[in-house]
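> prediction below, plus the sequence it came from.
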Amino acid sequence: MIKDINLLSISHSFVKKINLKLYSILNKFDKTNVHIIIPNYHKEDGKTLKPDFNIQDIELNIYLKNTIFNHLRLKFYRNLLPEIKKNNITHLILDQDLISLQSIIVLIYSYVNNVKIFYFSNENSIIDEKNLLKKNVKKLLYKLIYFLFKKKINKIFCYSNQIKNNLDDCGLTKITQVIPLGYDDSIFYKTNSKINNSKFVISYFGRVSRQKGIKTLIKSLTQLNIENWEFQIDLFHIESLSFFSEIKSDLKYLQNLKKLKIIKPTHLDIAKYMQRTNLTIVPSEWNEQYGRVIQESAACGSIVLGSNIGAIPEIIKDKEFIFEPKNTTELVKKIENIFNNYREYKDKFKKIEKEILEHRTAKKQAELIHTFL
């Protein structure tokens with residue numbers, strides 16, 4: 001019989017409603033009660049982010065708190081320990097690095113109070129770290145924390161094998177577990193909207209920044225030798241205005257060709273744009289820690305092309321839908337091939353789509369996590 005679980009999860013990412021879906025599902029499990037701590041605000045990329053929802057609208061025990069410091073490794077929520085004690089918390093999930101002030105304090109506290117500690121980790125850069133001193137210091141710190149607190153760290157959930165491999169390289173093999181980031185299948189699903197499209201829709205969804213590879217994507221689009229297509233670009237989150245000014249002229253060029261459609265969707269209405277998309281492109285040029293856009297787009301019926309970096313090839317497990325980062329020649333060829341042989345590629349992509357639908361939903365993620373609690 002499963003014992004009563006009084007779970008507390010802490011994350012700055014909870015300022016976005018979408019990141020609460022997993023815990024809304026966990027809260028529905030028998031004998032499981034979920035509490036959430038959210039910062040009153042979180043600073044990221046020079047912007048101040050506040051919760052994008054009304055906490056009264058969420059069926060969870062939610063507490064808004066101020067933090068001491070804003071740096072992710074030093075961020076600590078005020079009155080956290082009394083909150084844990086007051087609510088008789090039995091399980092704690094930290095969406096935070098093991099090497100952080102809050103992590104150390106909570107681990108020490110767990111020896112005094114019987115609380116099981118779990119983590120979500122995004123650490124995917126240790127193995128590829130070029131600075132040997134920085135790499136070795138980081139590995140040493142992970143090994144030291146594990147040595148001191150291994151009896152209290154139950155599991156570290158890793159969104160990808162790449163993240164798990166980095167932590168395993170630090171000696172944490174016994175406590176790492178791959179659990180993919182789940183998408184919300186109540187929002188992202190197929191419709192028949194593409195049947196009415198007069199054009200072949202190519203889309204980019206996500207942050208607008210240099211490391212996302214948008215410049216490579218736009219350059220590739222200007223070289224396409226196909227007709228009757230449209231580029232749909234998501235400009236909801238422009239991370240860098242200086243970078244955006246660099247691509248403005250290219251976007252203007254596409255606009256003059258009547259190939260450009262600018263959208264600014266929130267995460268609650270982005271699905272309708274994915275549902276009208278024939279081909280989604282994820283051209284990242286940095287180590288993506290997970291690929292939620294890939295999952296969401298595929299669930300909405302779009303083929304997805306992704307760059308060969310980070311966790312992207314772990315989701316897109318077919319080389320025909322993968323291209324090397326910054327390689328415009330290869331990307332142009334793949335776009336043209338898919339355009340000219342759409343039905344054939346649509347059938348090939350069904351295997352990837354099936355795996356996503358069966359194994360990468362938030363519900364599946366919640367079921368896996370619950371087995372370890």
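It's in.
> neighbours around residue 263, how many?
Look at residue 263: counted by other C-beta atoms under 10 Å, it has 16 neighbours. All C-beta atoms are positioned from the backbone trio N, CA, C, and that covers glycine.
> now do the helices in the stretch 201-350 of the chain.
All helices of the stretch 201-350 of the chain, identified by DSSP state H, counting those that start in this stretch, fall at 214-221, 241-256, 271-275, 292-299, 312-315, 328-340, 342-359.
> mind listing what's buried in the shortest one?
Of the residues in helix 312-315, those with enough neighbours to count as buried (16 or more other C-beta atoms under 10 Å) are 312, 313, 314, 315.
> circling back to that earlier point, switch the helices of the stretch 201-350 of the chain over to CSV; also include distance to residue 262.
Listed next are the helices of the stretch 201-350 of the chain as CSV, based on distance: least, C-beta to C-beta, whole Å:
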stretch, distance to residue 262
helix 214-221, 13
helix 241-256, 8
helix 271-275, 11
helix 292-299, 18
helix 312-315, 25
helix 328-340, 20
helix 342-359, 24
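> which of those sits closest to residue 191?
helix 271-275 (4.7 Å; C-beta to C-beta).
> ok so, going back, closest one to residue 170 out of the buried residues of helix 312-315, please.
Closest to residue 170, out of all of the buried residues of helix 312-315 and judged by C-beta to C-beta, is residue 314, at 19.9 Å.
> the closest one reaches residue 160, doesn't it?
Yes: counting by C-beta atoms under 8 Å, residue 314 does reach residue 160; the two are 5.3 Å apart.
> sorry, back to before: among the helices of the stretch 201-350 of the chain, which is the most enclosed?
Mean neighbour counts were compared across the helices of the stretch 201-350 of the chain using mean count of other C-beta atoms under 10 Å; the top stretch is helix 292-299, at a mean of 26.
> give me the packing partners of that helix, helices and strands only.
helix 271-275, strand 279-282, strand 303-307, helix 312-315, helix 342-359 (3 or more C-beta pairs under 8 Å, 6 or more residues apart in numbering; DSSP states H and E).
> so how far is residue 140 from residue 134?
Counting by C-beta to C-beta, to the nearest Å, the gap from residue 134 to residue 140 is 11 Å.
> also residue 241?
In this view, residue 241 and residue 140 are 39 Å apart by C-beta to C-beta.
> do the same with residue 329
43 Å.
> cool, and residue 359?
Applying C-beta to C-beta, the value for residue 359 to residue 140 is 35 Å.
> same question, residue 310
From residue 310 to residue 140 the distance is 25 Å (C-beta to C-beta).
> also residue 225?
From residue 225 to residue 140 the distance is 53 Å (C-beta to C-beta).
> got it, and residue 263?
46 Å.
> returning to that earlier point: dump the helices of the stretch 201-350 of the chain to TSV, plus mean pLDDT and distance to residue 11.
As requested, those are exported to TSV (pLDDT from 0 to 100; distance: least, C-beta to C-beta, whole Å):
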stretch	mean pLDDT	distance to residue 11
helix 214-221	96	27
helix 241-256	93	27
helix 271-275	96	23
helix 292-299	97	15
helix 312-315	96	22
helix 328-340	98	34
helix 342-359	97	23
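> figure out which of those is closest to residue 84.
helix 292-299 (29.4 Å).
> hmm, who's touching that closest one?
Here helix 292-299 makes contact (C-beta atoms under 8 Å, 6 or more residues apart in numbering) with 181-183, 185, 188-190, 203, 205-206, 270-271, 274, 277, 280, 282, 304, 306, 312, 315-316, 349, 352-353, 356-357, 360.
> got the angle for it vs helix 342-359?
Angle between the axes of helix 292-299 and helix 342-359 is 110 degrees (criterion: axes from the mean of the first three to the mean of the last three C-alpha atoms, to 10 degrees).
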